[in-house]
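> Here you go, sequence then predicted model.
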Amino acid sequence: MTEEEKRAAIAAYREQKVESGIYALSCLPSGQRWVGSALNLGTIRNRLWFTLRLGHDQHPGLQDAWNTHGEDAFDFEILERLKADDLGAGRDRRLKERLVQWTEELQATRI
């Protein structure tokens with residue numbers, strides 16, 4: 001990769017719009033669901049899978065299901081996207097409200 005290509009890649013990365021929102025993980029064999037919020041939906045799945053593969057996820061029920069059924073038994077879904085530009089200073093409060101609503105609606109475990 002040339003120096004010019006590196007600069008272009010870095011510039012493109014910096015210009016990405018970050019979307020916050022709500023996501024769900026489902027264990028297909030057991031029917032268990034977990035719902036969480038993320039400031040950056042573009043990176044949350046990789047972060048979760050990384051910690052689960054290492055066996056270091058901080059949610060014991062989720063880690064137990066992962067250990068029992070394996071990676072292929074899990075589904076990741078984005079439930080709602082909230083653009084950071086639209087939320088301003090109330091982003092964290094709005095994410096928390098939406099997380100509570102989705103958790104109740106899906107009868108899921110909050111993570």
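Received the coordinates, thanks. In this text the structure is predicted, and so the values were computed from the model without any measurement.
> in stretch 46-53, what counts as buried?
48, 49, 51, 52 (16 or more other C-beta atoms under 10 Å). C-betas here are computed from N, CA, C, even on glycine.
> Sorry, slip of the keys, the one I care about is stretch 93-102.
Applying 16+ other C-beta under 10 Å to stretch 93-102 flags 95, 98, 99, 102 as buried.
> Residues touching that stretch, excluding its own?
20-22, 24, 35-37, 39, 79-80, 82, 87, 108, 110 (C-beta atoms under 8 Å, 6 or more residues apart in numbering).
> Type out the PyMOL command that picks the buried ones from these.
Buried subset of the contacts of stretch 93-102, written as a PyMOL selection, criterion 16+ other C-beta under 10 Å:
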select buried, resi 20+21+22+24+35+36+37+79+80+82+108
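> Serialize the buried residues of stretch 93-102 to TSV and add fields for secondary structure.
Output for the buried residues of stretch 93-102, formatted as TSV (DSSP: H, G, I helix; E, B strand; the rest coil):
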residue	secondary structure
95	helix
98	helix
99	helix
102	helix
